[in-house]
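Chemist: sequence and predicted structure below; questions after.
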Amino acid sequence: MHYINIINSNNRVNAMNNFEDIESTLTDRYQTTVPKTVRQALGVGKRDKLHYSIRPNGEVVLTRVEANRESDPLLTRFLDFLANDIASHPERLQALEPGFVQRIKTLVSGIDVDLDAPLSVDDE
């Protein structure tokens, strides 16, 4: 049996009053819902990121990824540049032309995405 240790933001194994066995089920697309008690133990919410560390003995350690804007300095610099440019030169902003918007709608029309469909062999 493999175990998942839940590590809180202090990098310590969560010390709940009682040890809990918690299960969740994988969908056909290998997705799962993180149980409420696990979310609470990690202190995570919607759109937060999780980190999985796989140890040699098969144990998996689940931790919350701390939001760090500096994790991608190039992206941070680019976004700062855009924000400054928009603030300094709002006259440069332009609305999308209706023809362009219609072209995009035409390109994506009829494309259905079933998030519950099994992955193809190439996607696994």
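Modeler: Cool, the structure landed.
Chemist: hey, let's count contacts and neighbours off CA atoms from now on
Modeler: OK.
Chemist: out of everything not next to it in sequence, what's closest to Thr33?
Modeler: Ser24 (6.7 Å; Cα to Cα, 6 or more residues apart in numbering).
Chemist: spell out the secondary structure type for that neighbour.
Modeler: When classified by DSSP: H, G, I helix; E, B strand; the rest coil, Ser24 comes out as coil.
Chemist: what about it, how many residues close to it?
Modeler: Ser24: 10 surrounding residues under other Cα atoms under 10 Å.
Chemist: surely it meets Val34?
Modeler: Yes - using Cα atoms under 8 Å, Ser24 is in contact with Val34, at 7.2 Å.
Chemist: any idea how the chain splits into domains?
Modeler: Following automatic domain parsing, one finds the domains of the chain at 4-65, 69-108.
Chemist: nearest to Asp114, of those domains?
Modeler: domain 4-65 (10.2 Å; Cα to Cα).
Chemist: centre of the chain to that closest one, how far?
Modeler: 14 Å (Cα atoms, centre = their mean, to the nearest Å).
Chemist: lowest average confidence, helix or strand, in this protein?
Modeler: Across the helices and strands of the chain, mean confidence by mean pLDDT, DSSP states H and E is lowest for strand 4-7: a mean of 52.
Chemist: from Glu91, how far off is the residue nearest the centre of the chain?
Modeler: Centroid-nearest residue in the chain, with Cα atoms, centre = their mean: Lys49, separated by 4.8 Å. For Lys49, the distance to Glu91 equals 37 Å [Cα to Cα, to the nearest Å].
Chemist: same thing with Leu82?
Modeler: From Leu82 to Glu91 the distance is 14 Å (Cα to Cα).
Chemist: of the two, which one has the most company?
Modeler: Leu82 (12 against 8).
Chemist: next, that one: phi, psi?
Modeler: phi -60, psi -50 (degrees, to the nearest 10).
Chemist: elements contacting the helix or strand containing Phe81?
Modeler: For Phe81, the element it lies in under DSSP states H and E is helix 73-88. Of the remaining helices and strands, none touches helix 73-88 by 3 or more Cα pairs under 8 Å, 6 or more residues apart in numbering; DSSP states H and E.
Chemist: residue with max distance from the center of the protein?
Modeler: Taking Cα atoms, centre = their mean, the residue of the chain most remote from its mean C-alpha position is Glu91, at 34.5 Å.
Chemist: before I go, just wanted to say thanks for your time.
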